[in-house]
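Engineer: take a look and give me a structure for this.
(one chain, ligands or ions: 1)
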Amino acid sequence: MTSASFPATRLRRPRATSWSRALHRETLLTSADLIWPLFVSEGAGVEEPIGSLPGVSRWSVERIADRAKEAVGLGIPCLALFPNTPKDRRSDDGAEALNPDNLMCRAIRAIRDACGDAIGVLTDVALDPYTAHGQDGLLDAGGYVLNDATVEMLVRQSLNQAAAGADIIAPSDMMDGRIGAIRDALESAGHHNVQIMSYAAKYASAFYGPFRDAVGSGGLLKGDKKSYQMDPANGEEALREVALDLAEGADSVMVKPGLPYLDIVRRVKDRFEVPVFAYQVSGEYAMIEAAAAAGAGKREDLVLETLLAFKRAGCSGVLTYHAPLAARLLNG
Ligand code: PBG
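Structural biologist: Model prediction:
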């Protein structure tokens, strides 16, 4: 493509007025692009602010249902749920993940009762909110996270969530082969329309700290998750992860964290032409809040600019703790 040279071409010409900028805008961000992650806590009438995530709280089940109604009102199409499992229900094998009355399942049912099909419920599949050691899977004697034995647990966890009414199963564990195993099990159990959004390219990131506080696994975790989550140095490997998860039956794929990995989003979108989502994770949220608190930028502008960047990079939607604020701003 060639353009005439200056002064016939002046790229500032279409930027001169607000109506013209609106007319030329390539990317649109709306509240329908947002998935709102919520933390569920035991008890009734509970709101527990999370210190490392200023402005984000854990809510008891019936108050989660209120958040769901709020989301419907704001035009947010989907919620993502994470439980803060009580300490005495955490074990080495994370068996609480299979309990049909665990926090996650009760929250799904409460949202369904409150909102029917007006909102989607995405549920995280991984064992870390349920294990006494804070790792996402089962450990061998040396502390290595076992793959195949963990996948068996994840399959049962997925079936438990689907039975409770989950719409999208989102495995965040990074075990090999879990998407195919979960898809088979969902089909066999008649859950043909339960989707799988795979955390396909999930990196071993320093940006997950506040999340681990929120689900109470941070203090329990010894070591790191580098034997299963991806090395931040790798891009080709992300494409292989995505290719495998799609071949195994993922309906959509996720890149996580978000902003530092927009190059991966774009490569995945260009290569596979499938719905791609990104997770603007807890540390990214905290970073924006810290910048705003320090007077380094206006919160509203930082939030909308970063979320727009995900859309421009190729995302169909974004998981973000700023979802209610962003939706309010976008809805005017
Ligand atoms: C756990 C899980 C994590 C997040 C989502 N699911 C943390 C981890 O892998 O340690 C992080 C989300 C965030 O930081 O906001 N499987």
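Engineer: distance from the chain centre to the lengthiest helix in the chain, please.
Structural biologist: If you go by DSSP state H, the chain has its longest helix at helix 148-164. Helix 148-164 has its C-alpha centroid displaced from the chain centroid by 18 Å (Cα atoms, centre = their mean, to the nearest Å).
Engineer: next: stretch 278-293.
Structural biologist: Centre to centre, stretch against its chain (Cα atoms, centre = their mean), the figure for stretch 278-293 is 14 Å.
Engineer: near the ligand at all, it?
Structural biologist: Yes. Residues of stretch 278-293 are located near the ligand by Cβ under 6 Å from any ligand atom, namely 281-282. C-beta here means a position set from N, CA and C on the backbone, and glycine is covered the same way.
Engineer: could you give the mean pLDDT of that stretch?
Structural biologist: Averaged across stretch 278-293, pLDDT comes to 98.
Engineer: convert the C-alpha atoms of it to PDB, please.
Structural biologist: Only the C-alpha atoms of stretch 278-293 are listed here, as PDB (Å, rounded to 0.1, in the frame of the first residue of the first chain):
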ATOM      1  CA  ALA A 278      -6.800 -12.700  27.900                       C
ATOM      2  CA  TYR A 279      -6.700 -12.400  31.700                       C
ATOM      3  CA  GLN A 280      -5.600  -9.100  33.000                       C
ATOM      4  CA  VAL A 281      -4.400 -10.700  36.200                       C
ATOM      5  CA  SER A 282      -4.300  -9.500  39.800                       C
ATOM      6  CA  GLY A 283      -0.800  -8.100  39.700                       C
ATOM      7  CA  GLU A 284      -1.700  -6.000  36.700                       C
ATOM      8  CA  TYR A 285      -4.800  -4.700  38.400                       C
ATOM      9  CA  ALA A 286      -2.700  -3.800  41.500                       C
ATOM     10  CA  MET A 287      -0.200  -2.100  39.300                       C
ATOM     11  CA  ILE A 288      -2.800   0.100  37.700                       C
ATOM     12  CA  GLU A 289      -4.300   0.900  41.100                       C
ATOM     13  CA  ALA A 290      -0.800   1.800  42.500                       C
ATOM     14  CA  ALA A 291      -0.100   4.000  39.500                       C
ATOM     15  CA  ALA A 292      -3.500   5.800  40.000                       C
ATOM     16  CA  ALA A 293      -2.900   6.100  43.800                       C
END
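Engineer: and the contacts of that stretch?
Structural biologist: By Cβ atoms under 8 Å, 6 or more residues apart in numbering, the list of residues contacting stretch 278-293 from outside reads 52-56, 199, 205-211, 214, 254-259, 261-262, 265, 297-299, 302-303, 306-307, 310, 313, 315, 318-322.
Engineer: on that earlier part again, packing partners of the longest helix of the chain?
Structural biologist: Contacts defined by 3 or more Cβ pairs under 8 Å, 6 or more residues apart in numbering; DSSP states H and E place helix 148-164 against helix 103-115, strand 120-125, strand 168-171, helix 178-188.
Engineer: what's the angle between the longest one and strand 120-125?
Structural biologist: This points to helix 103-115. Here the directions of helix 103-115 and strand 120-125 differ by 180 degrees (axes from the mean of the first three to the mean of the last three Cα atoms, to 10 degrees).
Engineer: quick one: mean pLDDT over helix 103-115.
Structural biologist: Across helix 103-115, pLDDT averages out at 98.
Engineer: what of the third one?
Structural biologist: Confidence for strand 168-171, expressed as mean pLDDT, is 98.
Engineer: pretty sure residue 103 contacts residue 38?
Structural biologist: No. The criterion here is Cβ atoms under 8 Å, and residue 103 misses it with residue 38 at 11.2 Å.
Engineer: please, where are all the strands along this structure?
Structural biologist: 34-41, 47-49, 57-60, 78-83, 120-125, 168-171, 195-202, 252-256, 276-280, 317-320 (DSSP state E).
Engineer: and the ones you listed as CSV, adding distance to residue 139 and mean neighbour count?
Structural biologist: Output for the strands of the chain, formatted as CSV (distance: least, Cβ to Cβ, whole Å; neighbours: other Cβ atoms under 10 Å):
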stretch, distance to residue 139, mean neighbour count
strand 34-41, 25, 25
strand 47-49, 29, 12
strand 57-60, 27, 20
strand 78-83, 21, 24
strand 120-125, 18, 23
strand 168-171, 19, 26
strand 195-202, 19, 25
strand 252-256, 23, 26
strand 276-280, 25, 27
strand 317-320, 28, 24
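Engineer: how about JSON lines for the ones you listed, with distance to residue 4 added?
Structural biologist: JSON lines is the format used below for these (distance: least, Cβ to Cβ, whole Å):
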{"stretch": "strand 34-41", "distance to residue 4": "40"}
{"stretch": "strand 47-49", "distance to residue 4": "57"}
{"stretch": "strand 57-60", "distance to residue 4": "56"}
{"stretch": "strand 78-83", "distance to residue 4": "46"}
{"stretch": "strand 120-125", "distance to residue 4": "48"}
{"stretch": "strand 168-171", "distance to residue 4": "49"}
{"stretch": "strand 195-202", "distance to residue 4": "41"}
{"stretch": "strand 252-256", "distance to residue 4": "38"}
{"stretch": "strand 276-280", "distance to residue 4": "36"}
{"stretch": "strand 317-320", "distance to residue 4": "38"}
